[in-house]
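S.K.: Turn this into a model:
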Amino acid sequence: MVQIDVTYEGGLRTRAVHGPSGQTLITDAPVDNHGQGESFSPTDLVATATASCMLTIMGIVAERHAWPFVGATAKVVKKMATDGPRRIGELEVEIRVPGDWAENQRGALEQAALGCPVHATLHGNVEMPCSFVWGS
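M.R.: Next up is the predicted model:
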């Protein structure tokens, strides 16, 4: 269990404190939703969590097999839904993995990414197309 304490600071901003580490994170509402857009919005954090989680789980598999995974990157594009309540409609993730990879390695890493806890949590509620780019 991890406790995160979040305080509303006014002006549509919050300060979150990660219990185990004491690290802080500020959120701000986006400009199109009455905020200043000066930091990650809560939905930006969902997008960030998705890409970070996918890379982390891939990293766990890569480290287990001593595969060179350092330098892999993810780009996530968050698209808000245009119908119904304000919500994330799509998170498009592109994961880039430099180097030469055998088919079985690619398969293991892709399966790991698509099985990350954040992806599994959101699956079915948010469209999440994901592409992998292998090599330089």
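S.K.: could you point out the longest helix in the protein?
M.R.: helix 42-64 (DSSP state H).
S.K.: got the buried residues for that one?
M.R.: 43-44, 46-51, 53-55, 57-59, 61-62 (16 or more other CB atoms under 10 Å). Backbone N, C-alpha and C define where each C-beta goes, glycine included.
S.K.: Show me which parts of the helix or strand that it is followed by are buried, residue by residue.
M.R.: Remark: after helix 42-64, the chain's next helix or strand is strand 73-80, criterion DSSP states H and E. Residues of strand 73-80 classed as buried under the neighbour-count rule (16+ other CB under 10 Å) are 74, 76, 78.
S.K.: ok, of those residues, which one's closest to residue 34?
M.R.: Lowest distance from residue 34 to the buried residues of strand 73-80 (CB to CB) belongs to residue 78, with 17.9 Å.
S.K.: could you list every residue that touches the residue nearest to residue 11 when sequence neighbours are not counted?
M.R.: Counting by CB to CB, 6 or more residues apart in numbering, the nearest residue to residue 11 once its immediate chain neighbours are dropped is residue 36, at 7.1 Å. Neighbour list for residue 36: 11, 12, 13, 28, 29 [criterion: CB atoms under 8 Å, 6 or more residues apart in numbering].
S.K.: make it 10 Å
M.R.: By CB atoms under 10 Å, 6 or more residues apart in numbering, the contact list for residue 36 reads 11, 12, 13, 28, 29, 30.
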